[in-house]
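Participant: here is my input; please provide its structure:
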Amino acid sequence: MISTAYAMGQAGGQAGGQAGGIAGFLPIIILFAIFYFLLIRPQQKKAKEHKEMISNLKKGIRIVTSGGIYGTIQSLDDTTIGLEIAEKVKIKISRGNVAAVISDTDAVRKDDKKKK
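Facilitator: Numbering: from 1, shown residues only. Next up is the predicted model:
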């Protein structure tokens, strides 16, 4: 008689266990969706914009590096950029270290005319 009661207890527990298992995964799925829309997706969008900005660089554009160095692009390569950071002071940096574009070539020419 004890073995019969034990067997009945197992059958009842399995039916409730499946519904609990699905309900147990629901918070994890919702949490992943929240992380995707609040963290992962905006980060991917920002990376895509940065990659596009780097591919559109041209000579004469003023930029700022991730290290905070301001300069004007003098030469471009597939992997490096030649920057003029002061008069006759040139450095080479990796393309990935460009943090932002300060101005395009037209704005640089206007600034140069104002100085003279």
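
Participant: tell me the pLDDT of residue 24.
Facilitator: The model reports residue 24 with a pLDDT of 85.

Participant: can you count the residues close to it?
Facilitator: Residue 24: 10 surrounding residues under other C-beta atoms under 10 Å. All C-beta spots, glycine's among them, are computed from the backbone N, C-alpha and C.

Participant: confirm it sits in a helix?
Facilitator: Yes: under DSSP: H, G, I helix; E, B strand; the rest coil, residue 24 falls within a helix.

Participant: can you pull the contacts of the closest residue to residue 71 other than its chain neighbours?
Facilitator: Take residue 71 and drop its neighbours on the chain: the residue closest to it by C-beta to C-beta, 6 or more residues apart in numbering is residue 83, 3.5 Å away. By C-beta atoms under 8 Å, 6 or more residues apart in numbering, the contact set of residue 83 is 63, 65, 69, 71-74, 90-93.

Participant: buried members of those into ChimeraX, please.
Facilitator: Here is the ChimeraX command that selects the buried residues among those (16 or more other C-beta atoms under 10 Å):
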select :63,65,71,72,73,93
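
Participant: with adjacent residues omitted, what lies nearest to residue 79?
Facilitator: Closest to residue 79 by C-beta to C-beta, 6+ apart is residue 95, at 6.1 Å.

Participant: now do the contacts for the one you found.
Facilitator: 54, 57, 78-81.

Participant: domain-wise, how is this protein divided?
Facilitator: Under the assignment automatic domain parsing, the domains of the chain span 1-56, 58-115.

Participant: tell me which of those domains sits most buried.
Facilitator: domain 58-115 (a mean of 13; mean count of other C-beta atoms under 10 Å).

Participant: just how off-centre is that one within its chain?
Facilitator: 22 Å (C-alpha atoms, centre = their mean, to the nearest Å).

Participant: what mean pLDDT does that domain get?
Facilitator: Regarding domain 58-115, the rounded mean pLDDT is 86.
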